[in-house]
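# After the sequence you'll find the predicted model.
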Amino acid sequence: MSQREAFLKALEANKYDEAMHRVYADYCDENGLDEEAQFHREWTKQWQEAYDYMELFGKEIAEDEDLPTVAELLDIGKRFIEKGERSQVGWMGFSATNHTLEEGVLEKFWNSWHILMKLEMEEGFGNRDPFMCCGGG
């Protein structure tokens, strides 16, 4: 196992280990992995919690189809903010729209989205729903 593989295995075992992220960032710097070094240097527990929440959100809204990735969920939020487009996830979209009706879900989705996108959230934005069902707007 290479040194890089050992670092990645350690991070996988404990993704919340801040010291390991910093040590791995130094290793990446020393080995010309500049973007990866920057990511692990800027990594925070808050970022990891937001990422983990988005992964869980994707699992909760999947309708017997491929899970939406975190990148896809971030793109849904971006299209909603930039163009006002609402997105249907899954065949009919019921799981997403039903899930976002639960108290606090939309606010947590948007809080996580803003952390991952490194943007400030506007006041009152947390109740806007970027999801739709049945092809409706």
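Yep, it's here. Numbering: from 1, shown residues only.
# Show the model's pLDDT score for Gly124.
In this prediction, Gly124 carries a pLDDT score of 74.
# Show me which helix or strand of this structure is least confident by mean pLDDT.
Sorting the helices and strands of the chain by mean pLDDT, DSSP states H and E puts helix 94-101 at the bottom, at a mean of 81.
# And the contacts of the longest helix along the chain?
Ranked by residue count under DSSP state H, the longest helix found in the chain is helix 45-61. Contacts to helix 45-61, defined as Cβ atoms under 8 Å, 6 or more residues apart in numbering, come from residues 15-16, 18, 67-70, 72-74, 89-90, 95-96, 99, 105, 108-109, 111-113, 115-116, 131. (Glycine included, C-beta is placed from N, CA and C.)
# coming back round to it: which is the succeeding secondary structure element to the least confident helix or strand of the chain?
helix 105-117 (DSSP states H and E).
# Just the mean pLDDT for that following helix, thanks.
Mean predicted confidence for helix 105-117 is 93.
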